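Here's my sequence, what's the structure:
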Amino acid sequence: MHPIYDPTRALALLRIGTGNPDARFRAGQEDAIRHIVENRGRLLVVQATGWGKSFVYFIAAKLLREHGLGPALLVSPLLSLMRNQLAAAERMGVRAATINSENAAAWDTIEQAVVADAVDVLLISPERLANVHFKTSVLPIIAARIALVVVDEAHCVSDWGHDFRPHYRLIERTLRLMPPNLRLLATTATANDRVVGDLEATLGPNLQTLRGDLARPSLALQTIRLPGQAERLAWLAEQLPQVPGSGIIYTLTVRDAEQVASWLRARGIDALAYTSESLDRPALEQRLLDNDVKVLVATLALGMGFDKPDLAFVVHYQTPGSVVAYYQQVGRAGRALSAARGVLLAGREDTNITDWFITRAFPSRAEVAEILGAIESAPAGLSVPALLERVNLPKGRVDQALLLLSLESPAPIAKTGAKWQLTAATLAESFWQRTERLTATRKVEQAAMQAYTELDAGHMAYLIAALDGDPSDLAPPPLPPLPTTPSLTMITEAIAFLRHTDLPIEPRKVWPTGGLAPGISGKIDLPPEHGRALSYWSDAGWGALVKRGRHDGRFDDLLVTAAAALVRSWRPRPEPTWVACVPSLRHTLVPDLAARIAAALGLPFVDALVKTEARPEQRTMENTVHKAKNVVGSLAVSGPLPPGPVLLVDDTVDSRWTFTVAAWLLRSHGSGPVWPLALAIAGRDE
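Got it, this is the predicted structure:
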């Protein structure tokens, strides 16, 4: 019998996969392939992004299949990663298929092909391991035949990893269903000694580690402190045209990604936003791969696995939450270039944003007690909408808590159909020990990243040391640093851009599930029209002035002028003939604002709505059901209304339920169409 590992065939596959007839294995690649194919034990490969970890597992899988062994199961965390991997596999003649949320119509066909042994590599997300059908109908059939399990981005398995993914915990349990001598390959670019130790304990037995050089000699790194949004926007507009090639700008929020991309396009720079809300992410990725766009302004949605070897720059608009996350992101630049740039623009809001992500990552003891108490009070179980009616918690927090609790072993809750019920198990104290440890770890990582922003030199050495690598003998490329101060002229233009933002307020279409009161359920028959907001709360445009006005008890005349100008440029049709406002028992801030806007527009102000009873502030309501209930019944029409269209003014808008209920009341009492206008869309600190 021929040996399983054939070096000539392995090299041929590499050249086919890369499209380079002269390609050679990088240091450690062939050793890793041989180790896996010859079944020398489980292997963890820690190598820098761009080293070629995917070639290791695809070539190994192909060699095993050509020798008559079973398929490989590849666990990948992101769809963008799967898309890149499928293209690489196809070039090498590997029959790869994926089961993920984007191809549900093909699941049955793919599962049949897997069972029929017509698939060489099955790619799944870690969430698929929690799917009942996959666990009971697909995995047991192929478990005995699987020749290789690949855990990509393996740091996600570790509690200590910077990007811990709860469903990765299921991998350890899944491995117990498979033969103990199963070939296993785990790969990551971002694992320090602590994470490696955790992986050795989780993915063992006898997990061996192949660790490569973490230095990126092609990367010229630079940090620039520009606290304000306008300064950073100005810097990007002036410097990006001077940097050759195409690249990525990373932001911490969807809002910032869209705003930065819009600003750059206004300055004649071909920029597109790439976020979790982008409709066609593969097309956006392809445009960047083809150098058909100067820059993608991206959130973490453009994360692990995106591979563009000639990416010329990565700029961070804000400081990420950890050194290892930053290393992974900035390491996308310069993989096949002699020189590339990685620039971090540190802003004043960075810590507030990353603090918010840290504090929202895990539920509190009080939140879990509230959720479990609500479920316990309903012996038949509760669906998520029904649960939200009983607990004043954000839906995202409830969903996250349910997920984490259901992944415990044993789990204190279980899902039957659409309803969650308690089990006989109680939540172990180890759950809280783990969340407290992770929260503390993330705070330490955040502080280390803030220290990075203060560096004047030695950036790559700092990153490598944080990953427990060897920072000696570094030679960065001879690229001169970019200017650190934008011009006052461009800063002024950026402020003007931020102050001309026209933000949509989308009308709600249906009342919360189950309704709110008799006659207030199902489709909203008298909704408001599409509205507008002048700013984001506390941003560098008008938002800071809105925040100050709320604090001072009266809004600046500049905001009144800007709001009137927004209405004139907006030109809602049919045109408003009068102005009303959302009332309050606590202050006259909004009526005063609305009356001044009405005067600026030459329209009458009508005090059409009254607050009938005191309710908690809307910002204390944590989910849409509670926000809606908090408004319904608290407003009333004060008297006869003018018949024409009305401009309805409030200072801030969050859930849109106040506008929705107020508009429903006005229209129910004879007004024309209702056009919402707010000074700001509420933010996290509102």
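
next helix or strand past whichever helix in the chain runs longest?
Secondary structure of the chain per DSSP state H: the longest helix is helix 429-453. Downstream of helix 429-453, the first helix or strand assigned by DSSP states H and E is helix 459-466.

who does that following helix touch, helix- and strand-wise?
Other helices and strands packing on helix 459-466, by 3 or more CB pairs under 8 Å, 6 or more residues apart in numbering; DSSP states H and E, are strand 219-225, helix 323-330, helix 429-453. In this view, the C-beta of every residue, glycine as well, is placed from N, C-alpha and C.

Nearest to Asp592, out of those?
Among those, strand 219-225 comes nearest to Asp592, with 39.0 Å by CB to CB.

Can you check what angle separates the helix or strand just after that closest one from strand 219-225?
Sequence order places helix 229-239 as the next helix or strand after strand 219-225, per DSSP H and E. With axes from the mean of the first three to the mean of the last three CA atoms, to 10 degrees as the basis, helix 229-239 and strand 219-225 are set at 140 degrees to each other.

quick check: mean pLDDT across helix 229-239?
Here helix 229-239 scores 97 as its mean pLDDT.

name the helices or strands packed onto it?
helix 254-266, strand 340-346, helix 488-498.

can you list the weak-confidence ranges in this protein?
1-2, 78-85, 159-164, 303-305, 683-686 (pLDDT under 70).

Show me it divided up by domain.
For the chain, automatic domain parsing gives the domain ranges 7-211, 215-486, 499-681.

Thr492 is nearest to which of those domains?
domain 215-486 (8.3 Å).

Span of the closest one from start to end?
One end of domain 215-486 to the other measures 31 Å (CA to CA, to the nearest Å).

Quick check: the gap between the closest residue to Arg15 other than its chain neighbours and Lys53.
Nearest residue to Arg15 in three dimensions, chain neighbours excluded: Ala23, at 4.8 Å (CB to CB, 6 or more residues apart in numbering). Between Ala23 and Lys53 the computed distance is 16 Å (CB to CB, to the nearest Å).

between the two, who's got more neighbours?
The neighbour count for Ala23 versus Lys53, taken as other CB atoms under 10 Å, is higher for Lys53 (25 against 16).

And the more buried one, how far from Gly28?
Counting by CB to CB, the separation of Lys53 from Gly28 is 10 Å.

cool, and Leu177?
Relative to Gly28, Leu177 is positioned 31 Å away (CB to CB).

same check, this time on Asp22
Distance, Asp22 to Gly28, using CB to CB: 19 Å.

Please apply the same query to Glu493.
Counting by CB to CB, the gap from Glu493 to Gly28 is 50 Å.

Which residue of Leu177 and Gly28 possesses the greater neighbour count?
Remark: of Leu177 and Gly28, Gly28 carries more neighbours, 18 against 13, as counted by other CB under 10 Å.

List the residues that contact the nearest residue to Asp256 once chain neighbours are set aside.
In space, and not counting its chain neighbours, Asp256 is closest to Tyr317: 6.2 Å by CB to CB, 6+ apart. Contacts for Tyr317 were tallied using CB atoms under 8 Å, 6 or more residues apart in numbering; they are 232, 236, 249-252, 256, 260, 297, 345, 347.

Ile171 now?
Ile171 sits next to 75, 126, 129, 151, 157, 202-203 when contact means CB under 8 Å, 6+ apart.

Rebuild these as TSV, extending it with distance to Glu277.
As requested, those are arranged in TSV below (distance: CB to CB, whole Å):
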residue	distance to Glu277
Val75	26
Pro126	22
Leu129	26
Val151	29
Val157	28
Thr202	34
Leu203	34
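
For the longest helix of the chain, which helices and strands make contact with it?
strand 219-225, helix 323-330, strand 340-346, helix 350-359, helix 459-466.

possible to save the ones you listed as TSV with distance to Ala562?
Shown next, in TSV, are the helices and strands packed on helix 429-453 (distance: least, CB to CB, whole Å):
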stretch	distance to Ala562
strand 219-225	30
helix 323-330	36
strand 340-346	27
helix 350-359	25
helix 459-466	41
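
Minimum distance to Gly531: which of those has it?
Counting by CB to CB, Gly531 lies closest to helix 350-359 out of those; the figure is 26.2 Å.

Can you dump the C-alpha atoms of the helix or strand following the closest one in PDB for me?
Helices and strands here follow DSSP H and E; after helix 350-359, the next one along the chain is helix 365-376. Listed next in PDB are the C-alpha coordinates belonging to helix 365-376 (Å, rounded to 0.1, in the frame of the first residue of the first chain):
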ATOM      1  CA  ARG A 365     -27.100  37.700  38.500                       C
ATOM      2  CA  ALA A 366     -30.100  39.900  38.800                       C
ATOM      3  CA  GLU A 367     -31.000  39.500  35.100                       C
ATOM      4  CA  VAL A 368     -30.700  35.700  35.200                       C
ATOM      5  CA  ALA A 369     -32.800  35.600  38.300                       C
ATOM      6  CA  GLU A 370     -35.500  37.700  36.700                       C
ATOM      7  CA  ILE A 371     -35.500  35.500  33.500                       C
ATOM      8  CA  LEU A 372     -35.500  32.200  35.400                       C
ATOM      9  CA  GLY A 373     -38.200  33.500  37.800                       C
ATOM     10  CA  ALA A 374     -40.400  34.400  34.800                       C
ATOM     11  CA  ILE A 375     -40.000  31.000  33.200                       C
ATOM     12  CA  GLU A 376     -40.700  29.300  36.500                       C
END
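
Could you pull out the buried residues of stretch 215-233?
215-216, 218-224, 226, 228-233 (16 or more other CB atoms under 10 Å).

scratch that, stretch 463-482
Result for stretch 463-482 [16+ other CB under 10 Å]: buried residues 463-464, 466-467, 469, 471, 476, 479, 482.

circling back to that earlier point, and Arg9, which of the helices and strands packed on helix 429-453 is closest to it?
Across these, closest to Arg9 is helix 323-330 (CB to CB), at 32.2 Å.

Mind giving me the packing neighbours of the closest one?
strand 313-316, strand 340-346, helix 429-453, helix 459-466.

hey, C-alpha coordinates of that helix in PDB?
What follows is helix 323-330, C-alpha atoms only, in PDB (Å, rounded to 0.1, in the frame of the first residue of the first chain):
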ATOM      1  CA  VAL A 323      -4.300  43.700  21.500                       C
ATOM      2  CA  VAL A 324      -5.000  40.300  20.000                       C
ATOM      3  CA  ALA A 325      -8.100  41.500  18.200                       C
ATOM      4  CA  TYR A 326      -6.100  44.400  16.800                       C
ATOM      5  CA  TYR A 327      -3.200  42.200  15.800                       C
ATOM      6  CA  GLN A 328      -5.700  40.000  13.900                       C
ATOM      7  CA  GLN A 329      -7.400  42.900  12.100                       C
ATOM      8  CA  VAL A 330      -4.300  44.900  11.200                       C
END
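
the inter-axis angle of it versus helix 429-453?
Between helix 323-330 and helix 429-453, the angle comes out at 60 degrees (the same axes, to 10 degrees).

Between helix 459-466 and helix 323-330, find me the angle.
Put simply, helix 323-330 runs at 130 degrees to helix 459-466, going by the same axes, to 10 degrees.
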